[in-house]
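Peer 1: sharing a sequence plus its predicted fold:
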Amino acid sequence: MEDFINKLQDLRHLDWVNKKISIGTPGCFLKAYEEIDGTRIYYKMSNYDSYRGIFGHECVNELIVSRLLDILEIPHLSYQLVFSKLCIDEQELEGYISKSVNFRRENEKKIVFDVYYELYREKKESPLEFAKRYGWEQYVYQMFVVDYLICNRDRHGANIEVLIDETEEPRLAPLFDHGLSLLFSCYNDMESVRKFDILEDRVVNNFIGSKSLEYNLGLIPKGQKFFSGELKEEDKKVLVEGLEQVLPKEHLTKIWKMIWERWKRYVEVCN
């Protein structure tokens, strides 16, 4: 599937009624979905408010992270970046949105991880210990690595889902929702991009592990690799291909530098 569609698509029929508001982030993140030939398709946009319209670049981040996880061979929800004509609050506008396909199998139901943990945890059992008891440690260690590489600030308990089928053991959904990562807080301010500290250990919203991404790296068993792929310098071209039409070159270069320097730090810590 082509992961970037820069030709304008008419999606004015979508109903953007689902709103998510993240603490400390201006505006809100609108979501929509539709059924096509029995498959549910999900859409979400970058930050939005009625005055500025669509702003920010969270949807671009989703595509970059999706490409990164392809390289690392870590299971994840694949995102497509689509340039679209939209209708919101009876106003027409154009912008880039993310498109993805439902990852649940037939007969599977979902429950967010923090609720599942509260229902079935043992006394004084941490979320990390809980995940290990269920055999999900590989998933968690992969998540720790990814969230460190992209400086994901929003891996709360609802951004991890447990999928349940009565005939099988519960499983965790492939990694999804990476928009509040990389340089998302810089918006279109190039001075903020230049000043952004790519290795800063920011306080983040993590349900499993700690609020320090650096500390979470230390929770990964040393000398073991929990995924097959490896990041290389030449992968920069793959990660940012075509996106010069969406973000300034300086911004894309800073994103790559961030991921690459954090990758080198991950190798240093975990080996």
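Peer 2: Perfect, I can see it now.
Peer 1: alpha carbons only for contacts and neighbour counts from here, please
Peer 2: Noted.
Peer 1: show me the longest helix that occurs in this protein.
Peer 2: helix 249-270 (DSSP state H).
Peer 1: which residues are in contact with it?
Peer 2: 145, 148-150, 182-183, 190, 193-194, 198-199, 217-218, 220-224, 231, 233, 236, 239-240, 243-244 (Cα atoms under 8 Å, 6 or more residues apart in numbering).
Peer 1: same check, this time on stretch 76-94
Peer 2: 2-16, 53, 59-60, 62-63, 66, 69, 95-101, 103, 174-176.
Peer 1: below-threshold pLDDT in the stretch 51-200 of the chain: ranges please.
Peer 2: Counting by pLDDT under 70, the stretch 51-200 of the chain contains no low-confidence range.
Peer 1: switch to 80 and redo it
Peer 2: Low-confidence segments of the stretch 51-200 of the chain (pLDDT under 80): 188.
Peer 1: could I get the full set of strands for it?
Peer 2: Secondary structure of the stretch 51-200 of the chain by DSSP state E, counting those that start in this stretch: the strands cover 53-54, 80-88, 91-101, 109-112, 154-155, 161-164, 171-172.
Peer 1: strand partners of the second one, parallel vs antiparallel please.
Peer 2: Yep, that's strand 80-88 we're talking about. strand 4-10 (parallel), strand 91-101 (antiparallel) (DSSP bridges).
Peer 1: export those strands to TSV and tack on distance to Ile41 and mean neighbour count?
Peer 2: Output for the strands paired with strand 80-88, formatted as TSV (distance: least, Cα to Cα, whole Å; neighbours: other Cα atoms under 10 Å):
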stretch	distance to Ile41	mean neighbour count
strand 4-10	15	14
strand 91-101	5	18
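Peer 1: distance to Pro170 added to these, as CSV?
Peer 2: Listed next are those as CSV, based on distance: least, Cα to Cα, whole Å:
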stretch, distance to Pro170
strand 4-10, 33
strand 91-101, 20
